[in-house]
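In: Here is the input, now give the coordinates:
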Amino acid sequence: MTILPATYIGSPRHMHEYAQDAITYVRLYGRPDLFITFTCNPQWKEVKDVLFPGQSSLDRHDITTRVFKQKLKSLMNLIVISRVFGETRCWMYSVEWQKRGLPHAPILIWLVDKIRPNDIDDVISAEIPEEAADPGLFAGVTKNMIHGPCGRLKPNSPCMIDRKCSKRYPRALIADITGNDGYPLYRRRSTDFNGKSTTLKINGQDVEVDNRWVVPYSPLWSKAFNAHINVEYCNSVKSIKYICKYVTKGRDMAVLGVTGTNTNDELTQYQLGRYPIVVHLAVHLENGQRVYFTTNNAIQRPEISPSTKQVYSRRAEPTHLQERCFTLKCRDITRGINLQKHSNDANKERQLQAIRVSFQQMLNVRGPTSFISVRTVRGEVFATYREACQKIQLLENDMHWEYTLADAVQSSYPHQLRTLFAIVISTCFPSNPINLWEKFKDH
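Out: Numbers count the residues shown, from 1 in each chain. Coordinates of the predicted model:
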């Protein structure tokens with residue numbers, strides 16, 4: 001078996017860490033407000049105007065990618081800088097490529113002022129607009145935001161799985177917005193109640209579609225960008241795990257082939273273009289850091305083990321910012337220090353040094369200076385990390401299993417108690433099985 005570590009960019013463990021980073025946003029700021037999927041439109045005017053005669057957008061992925069990048073930047077500026085939906089607390093997105101060869105970006109937005117259910121209709125729509133009132137919006141929605149139609153009208157559609165639409169279209173027609181476990185059910189009025197319909201050509205036939213086939217969208221963005229921009233309101237934390245994994249499921253690099261004289265030299269054949277990544281703290285037990293041996297350092301390595309961020313020793317007199325970092329937990333560092341506050345390079349360097357020093361902190365212990373201090377709780381040094389975690393109530397103790405065995409003693413035979421004890425030991429992982437044995441062995 002060959003297992004790629006998290007340090008290998010794009011590996012499953014690396015992408016899993018990205019998903020954990022997204023969950024950290026949720027823990028600090030709650031559920032996101034908007035889940036947006038922005039897809040490139042190969043028919044953009046900016047793309048078609050620069051194609052050579054006889055070319056299509058499929059021939060020039062470099063052009064579609066550049067234009068999409070500029071459009072995505074403009075979209076994020078509308079959200080973050082122009083604050084079209086209010087002040088943005090934080091945001092994250094990734095760019096990935098679909099099977100059709102078009103880039104698209106899943107985006108999560110956290111707003112300072114949460115969107116209330118009564119305001120959803122002002123932000124998100126799932127209906128065909130009035131053509132006479134806004135011809136531009138009508139053209140953009142009917143061209144980019146109509147799903148399919150699939151089903152009997154187009155059974156070979158990519159969304160069809162086991163003769164059913166995997167995207168759950170057509171949706172039910174409802175007069176008012178309601179909620180479910182993940183996303184709200186947006187208003188989709190029928191033609192009998194002021195709902196609109198339009199005629200599309202499917203497989204050479206004219207087909208009338210109504211609001212059941214509309215993908216939720218933002219009228220502002222659909223008109224401004226002329227693209228497929230699916231906008232969803234996150235009304236429940238039950239969808240958090242899915243969307244955090246969805247946003248971080250793609251790779252953060254592009255592989256570019258470079259022609260070289262040596263076709264077997266992969267180092268020169270491929271260039272990796274990467275986005276900035278999060279530097280993770282390599283947590284290890286005492287004297288458990290990785291040591292790399294070479295012919296020259298084989299003798300020195302056992303005597304002087306290499307230092308890591310976790311075992312960094314404070315040799316210099318700590319500064320004010322260093323002392324401040326030693327009062328924080330590891331997850332609070334990014335919130336506790338603002339690198340933009342000072343302008344000169346010296347102050348920035350001191351702050352960066354303080355951050356490097358503070359990485360030795362563990363998640364739930366403020367400012368540990370050694371492995372012993374991690375096992376120290378209110379002046380008492382424990383033999384194991386498990387005991388220290390139980391003391392600060394990070395782990396459950398064995399009282400639940402003691403109560404279970406004490407109840408069983410009242411009415412069970414010895415062979416039944418032995419079976420129950422074996423189940424507890426083998427599947428429930430009590431912290432101190434010896435104590436359980438000593439308390440109940442006579443029974």
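In: okay, and for the stretch 101-250 of the chain, where does confidence drop off?
Out: 101, 177-183, 236-242, 245, 247-250 (pLDDT under 70).
In: For stretch 54-67, measure first residue to last.
Out: 20 Å (C-alpha to C-alpha, to the nearest Å).
In: So in terms of bridging, what pairs with residue 151?
Out: Beta-bridge pairing for residue 151 (DSSP bridges): residue 154.
In: which residues does it contact?
Out: 157, 160, 165, 169, 170 (C-beta atoms under 8 Å, 6 or more residues apart in numbering). C-betas here are computed from N, CA, C, even on glycine.
In: need the contact list for the second one.
Out: The neighbours of residue 160, taking C-beta under 8 Å, 6+ apart as the test, are 150, 151, 154, 166.
In: where's it relative to residue 97, distance?
Out: Going from residue 160 to residue 97 by C-beta to C-beta, to the nearest Å gives 22 Å.
In: What average pLDDT does the top helix by length along the chain get?
Out: The residue-count maximum for a helix in the chain (DSSP state H) belongs to helix 61-80. The pLDDT scores in helix 61-80 average 92.
In: can you put the contacts of residue 151 in JSON lines and add distance to residue 244?
Out: Shown next, in JSON lines, are the contacts of residue 151 (distance: C-beta to C-beta, whole Å):
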{"residue": "157", "distance to residue 244": "28"}
{"residue": "160", "distance to residue 244": "28"}
{"residue": "165", "distance to residue 244": "25"}
{"residue": "169", "distance to residue 244": "25"}
{"residue": "170", "distance to residue 244": "29"}
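In: which one among those residues gets closest to residue 111?
Out: residue 169 (28.4 Å; C-beta to C-beta).
In: one step back: the longest helix of the chain: how far from the chain's middle?
Out: Put simply, helix 61-80 sits 21 Å off its chain's centre (C-alpha atoms, centre = their mean, to the nearest Å).
In: quick one, phi/psi of residue 231?
Out: phi -120, psi 120 (degrees, to the nearest 10).
In: what sits against the residue lying closest to it once chain neighbours are set aside?
Out: Take residue 231 and drop its neighbours on the chain: the residue closest to it by C-beta to C-beta, 6 or more residues apart in numbering is residue 218, 4.6 Å away. Contact partners of residue 218, counting by C-beta under 8 Å, 6+ apart, are 123, 124, 125, 229, 231.
In: how about these in CSV, adding distance to residue 74 and secondary structure?
Out: Shown next, in CSV, are the contacts of residue 218 (distance: C-beta to C-beta, whole Å; DSSP: H, G, I helix; E, B strand; the rest coil):
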residue, distance to residue 74, secondary structure
123, 19, helix
124, 20, coil
125, 21, strand
229, 12, strand
231, 16, strand
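In: Looking at neighbours, which among the residues you listed is most surrounded?
Out: Most neighbours among the contacts of residue 218, by other C-beta atoms under 10 Å: residue 229, with 27 neighbours.
In: Can you tell me the closest non-neighbouring residue to it?
Out: Closest residue to residue 229 apart from its sequence neighbours, by C-beta to C-beta, 6+ apart: residue 221 at 4.7 Å.
In: So that neighbour versus residue 82, what's the distance?
Out: In this view, residue 221 and residue 82 are 12 Å apart by C-beta to C-beta.
In: go on, residue 4?
Out: Distance from residue 4 to residue 82, by C-beta to C-beta: 41 Å.
In: Over to residue 434?
Out: Distance from residue 434 to residue 82, by C-beta to C-beta: 64 Å.
In: With residue 66 instead?
Out: Distance of residue 66 to residue 82, given as C-beta to C-beta: 23 Å.
In: Over to residue 13?
Out: From residue 13 over to residue 82 the distance is 38 Å, taken as C-beta to C-beta.
In: And for residue 293?
Out: 56 Å.
In: still on that earlier bit, just name the closest of the contacts of residue 151 to residue 438, please.
Out: Checking the contacts of residue 151 against residue 438 with C-beta to C-beta, the nearest one is residue 165 at 61.1 Å.
In: Quick check: end-to-end length of stretch 378-388?
Out: Stretch 378-388: ends 10 Å apart by C-alpha to C-alpha.
In: hmm, who's touching the biggest strand by length in the chain?
Out: Taking DSSP state E as the criterion, the chain has its longest strand at strand 103-111. Residues outside strand 103-111 that contact it (C-beta under 8 Å, 6+ apart): 22, 25, 29-30, 32-40, 64-65, 68, 72, 76, 79, 85-98, 243-244, 246-247.
In: same thing but 7 Å
Out: 25, 29, 32-40, 65, 68, 72, 79, 85-98, 243, 246-247 (C-beta atoms under 7 Å, 6 or more residues apart in numbering).
In: Just the buried subset of these, written out for PyMOL, thanks.
Out: Filtering the contacts of strand 103-111 down to the buried ones (16 or more other C-beta atoms under 10 Å) takes a single PyMOL command:
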select buried, resi 25+32+33+34+35+36+37+38+39+40+68+72+79+85+88+89+91+92+93+94+95+243+246+247
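In: and the contacts of strand 103-111, which of them are in strands?
Out: 34-39, 88-93, 96-97.
In: mind giving me the domain split of the chain?
Out: 12-253, 399-440 (automatic domain parsing).
In: Residue 9 versus residue 87, what's the distance?
Out: In terms of C-beta to C-beta, residue 87 sits 33 Å off from residue 9.
In: just the CA coordinates of the helix or strand encompassing residue 121, formatted as CSV?
Out: Under DSSP states H and E, the secondary-structure element containing residue 121 is helix 120-123. C-alpha atoms of helix 120-123 as CSV (Å, rounded to 0.1, in the frame of the first residue of the first chain):
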residue,chain,number,x,y,z
ILE,A,120,-34.5,35.7,1.1
ASP,A,121,-36.8,36.7,-1.7
ASP,A,122,-34.9,40.0,-2.1
VAL,A,123,-31.6,38.1,-2.6
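In: May I see the buried residues of that helix?
Out: Buried residues in helix 120-123, defined by neighbour count with 16+ other C-beta under 10 Å: 120, 123.
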